[in-house]
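Colleague: everything below, folded, please.
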Amino acid sequence: MKLVENIFHYYGDIVRKLFLAGAIIMLLTLPVLNPLLPLPIFDSLLTIIILSLVAGLTSPRKKWTLFVNEIIAIGAVIAFEYYAVNYYIAYSAESTIFLVNQLLAVIFLFALYYNTKTIRGMISGDSRFKEES
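Modeller: Have a look, this model is predicted:
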């Protein structure tokens, strides 16, 4: 039986999929939306790569990855919702960039929720959250 199936409060697989979904959406929309983004292309690509790396490192045996996921999810919700509101005001609700930012904010909000549930399980003393040696 796999370790993940033995940990009742582990939602890292969901967080991993949500991070990858966000990275894929960012990658697919980058060529079209790049002229409207407040960042250089390099920063966007670096963000996509970091999301993918962090998703791949997520593990119930590596507690530090859960805290990194939490920081990234919080930052992503704030950033994407901030820009969604700004683009809504500037362009309207039908704007593609508003819709993409809103979708990304929702994806990372779910990632934040599930990652927080995982951290809660770890903090509450589930002995199956053990560091790898």
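Colleague: buried sites along stretch 39-55?
Modeller: Buried positions in stretch 39-55, judged by neighbour count with 16 or more other CB atoms under 10 Å: 44, 47-48, 51-52, 54-55. For the C-beta atoms, the positions are set from N, CA and C on the backbone; glycine is no exception.
Colleague: let me fix that: stretch 10-23
Modeller: Using 16+ other CB under 10 Å as the burial criterion, the residues of stretch 10-23 that qualify are 10-12, 14-16, 18-23.
Colleague: so which of the residues you listed comes closest to Pro60?
Modeller: Proximity of these to Pro60, judged by CB to CB, is greatest for Tyr10, which lies at 4.8 Å.
Colleague: what's the neighbour count on the closest residue to the closest one other than its chain neighbours?
Modeller: Distances taken as CB to CB, 6 or more residues apart in numbering put Pro60 closest to Tyr10, at 4.8 Å, once the chain neighbours are dropped. By the criterion of other CB atoms under 10 Å, Pro60 has 25 neighbours.
Colleague: name the SS class of Pro60, please.
Modeller: Reduced to three states with DSSP: H, G, I helix; E, B strand; the rest coil, the structure at Pro60 is coil.
Colleague: just want the most central residue of this protein.
Modeller: Closest to where the C-alpha atoms of the chain average out (CA atoms, centre = their mean) is Phe19, at 4.0 Å.
Colleague: Phe110 is in contact with that one, correct?
Modeller: No. Here Phe19 lies out of contact with Phe110, judged by CB atoms under 8 Å, at a distance of 10.5 Å.
Colleague: and the residue nearest to Tyr10, how far from Thr116?
Modeller: As for Pro60, its distance to Thr116 is 15 Å (criterion: CB to CB, to the nearest Å).
Colleague: can you tell me how far Ile78 is from Thr29?
Modeller: When CB to CB is the yardstick, Ile78 and Thr29 sit 19 Å from each other.
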